[in-house]
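Quick one: sequence and predicted model below, then my questions.
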Amino acid sequence: MTIAPRSKPVIRRLLCCAAVGIGLTTSAPAQAQDDRAITIALNEDLDLIDPCMAAQSNIGRVLLQNISETLTELNPADGSLTPRLATEWQEGGDGTWTFKLRDGVTFSDGTEFTAADVVHSINRTTSDQLICETGAKYFGGLDITAEALDDHTVSITADPAQPILPLLMSTLTIVPEETPMDEYTRNPIGTGPYVLSEWNVGQNLILDRRDDYWGETPEVTRATYVFRSDDAVRAAMVQTGEADIAPLISEIDATNEATDFSYPNSETTYLRIDTMTAPLDDLRVRKALNLAVDREAFLGTLLPADTQLATQIVVPTTAGTNESLVPPAFDPDQALQLLEEARADGVPVDTEIVLIGRTGLFANVTEVMEALTQMFEDVGFNVDLQMMDVAQWTEYYSKPFPDDGKPRIVAAMHDNNRGDPVFSMYFKYACGGLQSATCNEDLDAMIAQATEATGDERNELWSQTFQKVQEELVADVLLFHMVGFSRVAERLDFRPSIATNSELELAEIKFD
Amino acid sequence: MGRFIARRTVASAISLAFLVMAVFFLSRLTGDPTDLYLPLDASQEVRDNFRELNGLNDPILLQFAYYLGDMARLDFGTSLRSAEPALAVVLQAFQWTLVLALVTMAFVTVAAVILGSLAAFNVGGVLDRVATFFSLIGASAPDFWLAIVAIVIFSVNFGWLPTSGTGSIWHWILPVSVLFIRPFGLILQVVRGSMINALGSAYVKTARAKGVAPQPIIFTHALRNAMLPVVTVMGDQAAGMLNGAVIVETIFGFPGVGKLMIDSILQRDFAVILAAIMVTAVAIFIMNLLIDLAYALLDPRIRY
C-alpha cells in the first residue's frame, strides 16, 4: 500500500519523458520532407564509390550521371543513344571513332574537362593495375586505345572493331586525368550535376547539387543515401517519411498502389542446357524440356503477376529482338511423345540430369526450382535438383565446366540493360562464350556477322540469330523477364524504369 | 594478481594463434573469391589478373607466411571489398558494436539485478509472477521477430521512433530495446534463483532476526554473495554481443561488426574475416579477465 502513492509520480515522470520523446521524434520525419532534399534507401552498403566500378548496381545508382557522366547516354526505353559529354561522333574506319567533346564543362574540383581526361578514363578503366567492374564487364577481350586530337576531340580505336563503340561509351565514366591509375578513389570527382559531400561509411552518403553544372539545374538539391539490408525496413522508411525512394523492395511489401511500382528490371531467367552431353545433346530431349514447363502457372503465384514470359535471352526493348518468337507451349503429352521417340532411337533419356539452382537468385527461387523439377519428372525426366550458393554455382555456370560427363541444366539470370544483344549472345551461345554450353559453327558465324554489322542490318541479323538459338538449336529453357518493385514517396514525381536496376539519375526526379 | 594476468595473457595468445591458423585455412577452403568479385562475363585474363593482384595465385602456405609476416607489423591486410586496411574496417564497425553492447548490458544489468532481487525477496508475490512471466517470454522470443514487430508498432503505426539508422539518440531506442529483452529475461532468472538461495542462508536469517531493514538485507548482504553466477552469465551474454548482434544490426542498419563478419564470410573477404575475429577475440579476452577480477572483488576468498 505504501508503494502505490510513490509510484504515481514515477509513472507520471515516465509518461512525461515518453511524451517529450515522442514530440521530438515525430519532428524528425518532418525534417526529411523539408525542402528539395531527398533520402534514398539502398539495399546494401557501398564498399567503393570509384567511378570505374559504376557497373555495379548500387554504385551505379549513386554515381552514374549524378557525379560521373559518360560520353553518350542510352535511353533504355527505345535503345537510342543521346549525347552527354560528347556532342557528336563519327566512324572513321578500321575500328576508329572520333568524338567531339562538349565545351565549357568542368569537374567538381573546378578543372576543365578535356580530351586528356577521356584518354585517362579509358586507360584507367581497362588497366590491369586495377580491377574495374566496367572494364571487366564491357571491355573484356577488347584492345582499346584513345588519343586526344585536340582539347575537345578524341579518337578511340577498338580492336576488334566495334560498331557499337558509341554505345560502349555510355558505360564508361569520365574521371579527371589526376585520378590514380593503380588505386580506387574514395573521393570521386566528376562532371555531373552533383558532388560527393559526405561519406559516413556504413551509415550514409550525401550528394549535393553543384552550382556550376554545365547542363540544366536539377530540382533535387541534396540526396542522402542510406543502407538497409531488410526489404521490409526499406519499405517502412518510405512509408514513415524517413526515405523518399527505396529502389528495391520485395513484392510482399509492395502493397500500396500510390507509392509502389513494378518495373522490368532487365533480368531474364533461363535454364541453360548442356547441349553437348547425352541425353541433352538430342534436340527432341531439349524440346521436351521446354514443352514440360507450364510457365503461366508461375505468374501471380510464385512470381509477380507482371512477370513476362521470355522468348529470347534479352528483354524486348533490346535492339534486334525477334518479335515473331513465342513462348513454347505447355504440352506434356507432346513432351512425353518426344522422349519416347528419343528412347526408341537409343538416347539414354532415363539418365539422371542434374538441375543446378542458385540460392538467392530471385525471390522464391527454391520453390520455382522445385516446381520445375516436378514438371520435368511429370513427363518422364530423371532430375536431381541441387541448390548452391553463388560461388559453387559459378563453377558450373562459367567455363571451364566440370569434366565428369554428367548432363546438367543450370538455372541462371541474365541482365542486359545496354540495349544491344552483343552483350549477351557471344557469352551465352558462341563456342568460345564463357557461359556457353552449346557450340554450333553456323551460329558462331551469325553472331560474328551481327556483331560487325550496323543499323537495320544489325537488328535483322540479331533477330535471325535469336530465331536460330530458340527454334533450331533449343539451347535453353527460357523462362521469364523479371520485374522489380520500388517504393516512391507521393511527394515525388518519379517512376522507376528498366534503368533503375543500374542507375538512378537524380535529375529525373521532380516534385509534385 | 600480476602473475595471474600474465598467465592468462599468454594462454589467450596461444589460443588466438591457433584460432588465426584455423580460420586462415578453413576460410580459404570455402573457395576462390574471384568469381564473387568479378562480373560473370569477365574474361579469363581479368580473372587471372585479379588473382595475381590479390596474391591468390601463391601457394596457400606461402600466403600464410606472408600473412604472419604482415601481422607481426600489425598489418592485417587489405579488404577485397573496400580496398581499405582490414583492421581499420573492423575497428570502425567494432566501435558501434561495443557501444551497443555496453549500453544494452548496462540497462540489462541494472534492470535484471533490481527486479530479480525484489522478485526473490517475495517469492510467489505479484512482482515475482509478473517478472517471471515476462522474462520467460523475453528469453524465448526471436530477435528478428521482435525487431520487425517493434518497427511496425513504434515506427510505422505510432510514428514515435525512427525505423532504423544511427542518426540520433532516438535511433538507439529500438535496437537497444530489442537486444535488451533476451539477456534481461535470462539474467533476471539467474539473479532470482541465486538470490533465493542467498536469502535462505543463515546470515540473512540472522540479519532479519536482528531487525535489519529489507533493503540492506537484499542489496548489501545477499546480493553480493548471489552475484558470482550472475556475473558468469552476464559475461557470456556480453561476449555474444561483442561478436556482433547480427540480426539487430542487419534489420536496424547498424554498421556493426556482426554484419560485417557475415558479409565478409559470404564475400570471402579473408583479411576482414581474420581481422574481425582477432579484434573480437581480444575484446572477449579482456572482458573475461575483467570478470575474473570481478570474482575476486565480490568474493574475498578468491585470490589470484
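Thanks, I have it.

can you list contacts of stretch B:92-105?
A:201-202, B:166, B:172, B:175-176, B:179-180, B:183, B:234, B:237-238, B:241-242, B:244-245, B:248-249, B:254-260, B:276, B:279-280, B:283 (C-beta atoms under 8 Å, 6 or more residues apart in numbering or on different chains). (C-beta placed from N, C-alpha, C; glycine too.)

what bits of chain B have low per-residue confidence?
B:304 (pLDDT under 70).

quick one, helices of the stretch 101-250 of chain A?
Taking DSSP state H, counting those that start in this stretch to define them, one finds helices in the stretch 101-250 of chain A at A:115-125, A:133-138, A:165-168, A:231-240.

Check the ones you listed for me: which has the lowest mean pLDDT.
The minimum mean pLDDT among these belongs to helix A:133-138 (a mean of 88).

by contact count, what packs against that helix?
Of the remaining helices and strands, none touches helix A:133-138 by 3 or more C-beta pairs under 8 Å, 6 or more residues apart in numbering or on different chains; DSSP states H and E.

Show me the contact partners of it.
Contacts of helix A:133-138 (C-beta under 8 Å, 6+ apart): A:52-56, A:59, A:125-127, A:168, A:171-173, A:418, A:423, B:38-39, B:41-43, B:46.

List phi and psi for the closest residue in space to A:Leu479 that isn't next to it in sequence.
Nearest residue to A:Leu479 in three dimensions, chain neighbours excluded: A:Thr269, at 4.4 Å (C-beta to C-beta, 6 or more residues apart in numbering or on different chains). Here is the backbone geometry of A:Thr269 (degrees, to the nearest 10): phi -90, psi 140.

Close to chain A: what parts of the stretch 151-300 of chain B are there?
Within the stretch 151-300 of chain B, the positions near chain A by C-beta under 8 Å from any C-beta of the partner chain are B:151-152, B:155-156, B:158-168, B:170, B:173, B:250-253, B:255, B:259, B:268.

Show the buried residues in those.
Among these, those classed as buried by 16 or more other C-beta atoms under 10 Å in any protein chain shown are B:151, B:155, B:159-166, B:170, B:173, B:250-253, B:255, B:259, B:268.

Any idea which helix or strand in chain A has the lowest mean pLDDT?
helix A:3-32 (a mean of 38; mean pLDDT, DSSP states H and E).

Quick one: distance of stretch A:436-443 to the chain centre.
25 Å (C-alpha atoms, centre = their mean, to the nearest Å).

Also stretch A:354-364?
Relative to its parent chain, stretch A:354-364 has a centroid offset of 17 Å by C-alpha atoms, centre = their mean.

Report the separation between A:Asp378 and chain B.
Separation of A:Asp378 from chain B (C-beta to the nearest C-beta, to the nearest Å): 31 Å.

Next up, the contacts around A:Leu372.
Applying C-beta under 8 Å, 6+ apart, the residues near A:Leu372 are A:271, A:293, A:355, A:411.

tell me which residues of the helix or strand it falls within are tucked away?
Taking DSSP states H and E as the criterion, A:Leu372 maps to helix A:365-378. Within helix A:365-378, the residues that count as buried by 16+ other C-beta under 10 Å are A:365, A:368-373, A:375-376.

Fine by me, we can end here.
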